[in-house]
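*Asks:* Any chance you could fold what I've pasted below:
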Amino acid sequence: MMPRDPDFPAGSADLSQDRHMETRQHKKVFIKTFGCQMNVHDSARMRDLLASKAGYRSTEEPETADLILLNTCSVREKAKEKVFSELGRFRQIKARRPDVVIGVSGCVASQEGHAIIQRMPFVGLVFGPQTLHRLPAMISAYQQSGIPQVDTAFPTVEKFDNLPPARAEGPSASVTVMEGCNKSCSYCVVPHTRGREVSRGMEEVLTEIAALSEQGAREIVLLGQNVSGYRGTTQGGKTVDFATLLSEVAALPLVRRIRYVTSHPREFSRRLIDLYEKTPKLVDHLYLPAQHGSDRILFAMKRGYTALEYKSLIRRLRTIRPNLSVSSDFIVGYPGETDDDFSAMLRLITEVGHDNSFSFLYSPRPGTPAALLPIGIPLPVRRARLQQVQALIESHAHRISQSMCGTVQEILVEGQSAKDPALLQGRTENNRVVHFPGTLSATLPVGALVNVTITESARYALHGTLT
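*Replies:* Model prediction:
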């Protein structure tokens, strides 16, 4: 509760209402996000919800916040421990300012539940990705009772009916189309923390995208743990697949680019492949996790495909889109990984030419079948393998960037460069930042698509000139 303003007289209903609004406007929330793009999007929705329903405004300084939230990831043990380390730091803020409310959301919250309160008794809120819409009510209940509030249920897609309308904050906007996962990958905790697959209705998704595009979003990123498994329904009750949804999104006139994450090779249908031939709004960039290149390890992971099937899928796509850039995830050091298995991973990466992929050491996750297996590989060996994978992928990314020099790329303008106000900044279809001379104007606004000739490839960005 904020202290009463002595300059504000009591007794007037109008003044009381004004004071109430001022109090609401001066509450601050700090949110730190770990993990995937879904978590980043969930954090943005929490900010919107707290602003519209409880009067919180965002701050980047936890020391000044009235509400501190950690939106967490439990895919790897290191990410989970970072959360508890961060909570240890926030314990000191709570000690100095007892009225501060501290909460944990996301996958660690779903996985740990009440155990978070037992380990960190000063935490007042624990809620999962599917119950973030209940956050204002949980805050109120905690402040009134002093009893920690824990809600890690999976209430299908109830949250989307209880969130404020999505807001576009730039030329690119993300939209969740489905949540959860029905796969049974032996190493993965996501089905336990995000629940089973639930898809939003197609018209609901299209309405949100249309609204975002009318606010200036020209690039739409469709989100889901397994977007290729999307099975939404129309208002008439018909079930539609992801390819149908993509076609409908592409038909929206203000949408100029379409991306999506994350898809699964096993559900990458022929219809989805064919869309790349007739849907130019689909960007020349695909994020398709392979996880490994050894058939023996892929089978142990229960991924449901072989390395050859993965490569064949990419080959078919590149027959349609020769310049398709492919990113992936790779797990190094899965239990029992031999030198031959690791060599197979390197071959897959080399043959596909993966670009800017994510690679990690295997991390046993509680409750998964793989967690019961002995890793059997010395840590120095695993670390050396990871460095080798990362160096190989980085060399591919550098080569791809170099090959773009001298080419004309379509750039989505994001705004003036933060480093040089004489330059504009935008992104290529394969998600590279490009800086080029220019100034925002009525004829060159944020969200414009312009042709830029790439003149230089630096470590973290490309440079070019308007064509």
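*Asks:* tell me which residues in stretch 313-331 are buried?
*Replies:* 313-314, 317-318, 321, 324-331 (16 or more other Cβ atoms under 10 Å). No exception for glycine: its C-beta is placed from N, CA and C like everyone else's.
*Asks:* Looking at those residues, which is nearest Ile297?
*Replies:* Nearest to Ile297 among the buried residues of stretch 313-331, counting by Cβ to Cβ, is Ile331 at 8.5 Å.
*Asks:* And the next helix or strand past the helix or strand encompassing that closest one?
*Replies:* Using DSSP states H and E, Ile331 maps to strand 329-332. Moving toward the C-terminus from strand 329-332, the next helix or strand (DSSP H and E) is helix 339-352.
*Asks:* Just the buried positions in that following helix, please.
*Replies:* For helix 339-352, by 16+ other Cβ under 10 Å, it's 341-342, 344-345, 348-349, 352.
*Asks:* Check stretch 61-73 too.
*Replies:* 62, 65-73.
*Asks:* so which pair among those residues is furthest apart in space?
*Replies:* Asp66 and Cys73 (24.7 Å).
*Asks:* rewinding a little: and the contacts of the strand holding Ile331?
*Replies:* 187, 289-292, 301, 342, 345, 349, 357-362, 382, 385-386, 389 (Cβ atoms under 8 Å, 6 or more residues apart in numbering).
*Asks:* for that strand, the distance to its chain's centre please.
*Replies:* Computed by Cα atoms, centre = their mean, to the nearest Å, the chain-centroid distance of strand 329-332 equals 18 Å.
*Asks:* following the longest helix belonging to the chain, which helix or strand shows up next?
*Replies:* Secondary structure of the chain per DSSP state H: the longest helix is helix 379-403. Next helix or strand after helix 379-403 toward the C-terminus (DSSP H and E): strand 408-416.
*Asks:* on that earlier part again, ok, and what's touching the longest helix of the chain?
*Replies:* Outside helix 379-403, the residues touching it (Cβ under 8 Å, 6+ apart) are 325, 330, 332-333, 337, 342, 345-346, 349-350, 353-357, 359-362, 375, 430, 432, 457, 462.
*Asks:* now those residues: which count as buried?
*Replies:* 325, 330, 332-333, 337, 342, 345, 349, 353-357, 359-362, 375, 430, 432, 457, 462.
*Asks:* quick one, what contacts the residue lying closest to Gly106 once chain neighbours are set aside?
*Replies:* For Gly106, ignoring the flanking residues on the chain, the nearest one in space by Cβ to Cβ, 6 or more residues apart in numbering is Thr72 at 3.8 Å. By Cβ under 8 Å, 6+ apart, the residues touching Thr72 are 34-35, 39, 79-80, 83, 104-109.
*Asks:* quick one, phi psi at Thr72?
*Replies:* Note on Thr72: its backbone torsions stand at phi -110, psi 160 [degrees, to the nearest 10].
*Asks:* What are the buried residues along the longest helix of the chain?
*Replies:* For helix 379-403, using 16+ other Cβ under 10 Å, the buried residues are 382, 385-386, 388-390, 392-393, 396-397, 400-401.
*Asks:* Can you pull up the most central residue in this structure?
*Replies:* With distances taken as Cα atoms, centre = their mean, the chain has Gln37 as the residue nearest its mean C-alpha position (0.6 Å).
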